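*Asks:* heads up, no residue letters with this:
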């Protein structure tokens, strides 16, 4: 099954060098595709209608060169749904200009994202999205070897707020969109605990299009105080149901290389620690960074917390590396949480607890913690 990387998260945007690092690692792992669609690229979403300036264009060219060298299919994604009116001559012209710019840069593979739109998800929205996809398809007809995929506004079962088979937006979209255009889907949830053939069955009854899984298993833009690098689990969907699967991870370049090792080569935790120079003491806290659905069985009493805290100095102070810089804020925050929990369990006097909490936590949370 084809496997890829999706740069589609909020909060971070790779530098040219970071993106190249990930693409090179993908090449070593013999992966298949890289979808470029970062929410923090203003020309991708917020100002989608504006052409890329020279600096950003050169970075995209560098991404193309690196992808081609590593035999990775580079996919250029655009997210015009926030403001585009499919009936607007000006918006249509802007969309054509943007796609044509990407074509001139060298892109042959494209994606249109309609995700995370605060709009009424009805037949009218579906018609608008179908028109946009038809327009882009026409622009790509003369481009040899081109392809197109899309992410609908309802991209998981839970967003349908009921049975998919009764959803007006999805039913209308399926009736209008070319059946050869793959669609991106995250499963039953935005971050799905599991993805199996049965989890895609309702979608396949509506769409005859190929399905590509957009997997947010390792994503942390919704929980920025954590990251996950445990084994890739809960996924057993087959080739007969989907055509490919891509992970949308963290935007921390070295961390994402670790995640790709987990995703593709199934490296063990001990191999990851050794290969990336991570101190063995990280194993003490690893259960808290294993995966979004894995819970530690440890009861956090004072003695257990103190055993965990023994890793703090080595991980937060003694360990020096580029990876540690990526993890530093998350590790400090984790140990800060442990310190607060220990103080509460030991029932320290209110003044000391108040001083500690207000220095480390936002006003709404700190006040709530002190009131409890």
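*Replies:* That came in fine, so what should we check first? Quick caveat, the model's predicted, so the values are computed rather than measured.
*Asks:* Kindly report the domain assignment for this protein.
*Replies:* Domain ranges of the chain: 2-266, 302-371, per automatic domain parsing.
*Asks:* pretty sure residue 312 is touching residue 333, no?
*Replies:* No - if you go by Cβ atoms under 8 Å, residue 312 and residue 333 don't touch, sitting 11.7 Å apart. Where you see a C-beta, it was placed from the backbone N, CA and C, and this is true even at glycine.
*Asks:* So for those two, which sits in the more crowded spot?
*Replies:* residue 312 (20 against 15; other Cβ atoms under 10 Å).
*Asks:* contacting residues for that one?
*Replies:* 331, 335 (Cβ atoms under 8 Å, 6 or more residues apart in numbering).
*Asks:* tell me which residues in stretch 203-219 are buried?
*Replies:* Residues 203-204, 207, 209, 211-219 are the ones in stretch 203-219 that count as buried (16 or more other Cβ atoms under 10 Å).
*Asks:* wait, which of those is closest to residue 353?
*Replies:* Using Cβ to Cβ, residue 219 comes nearest to residue 353 of those, at 33.3 Å.
*Asks:* Touching, the closest one and residue 248? I think so.
*Replies:* Yes - using Cβ under 8 Å, residue 219 and residue 248 qualify as a contacting pair, with a distance of 5.5 Å.
*Asks:* got any residues that touch both of those two?
*Replies:* If you check residue 219 and residue 248 against Cβ under 8 Å, 6+ apart, the residues they both contact are residue 9.
*Asks:* Among the domains of the chain, which comes closest to residue 281?
*Replies:* domain 302-371 (4.0 Å).
*Asks:* any idea which of the domains of the chain scores lowest on pLDDT?
*Replies:* Mean pLDDT per stretch puts domain 302-371 lowest among the domains of the chain, at a mean of 86.
*Asks:* next one: it to chain centre, how far?
*Replies:* How far domain 302-371 lies from its chain's middle: 27 Å, per Cα atoms, centre = their mean, to the nearest Å.
*Asks:* Over to stretch 285-300?
*Replies:* With Cα atoms, centre = their mean, you get 21 Å for stretch 285-300.
*Asks:* which of the residues in that stretch are buried?
*Replies:* Quick answer for stretch 285-300 (16+ other Cβ under 10 Å): 285-286, 288-292.
*Asks:* check contacts around residue 246.
*Replies:* Per Cβ under 8 Å, 6+ apart, neighbours of residue 246: 3-6, 33, 35, 212-215.
*Asks:* residue ranges of the helices in the stretch 151-300 of the chain, please?
*Replies:* 168-176, 201-206, 253-260, 269-275, 282-285 (DSSP state H, counting those that start in this stretch).
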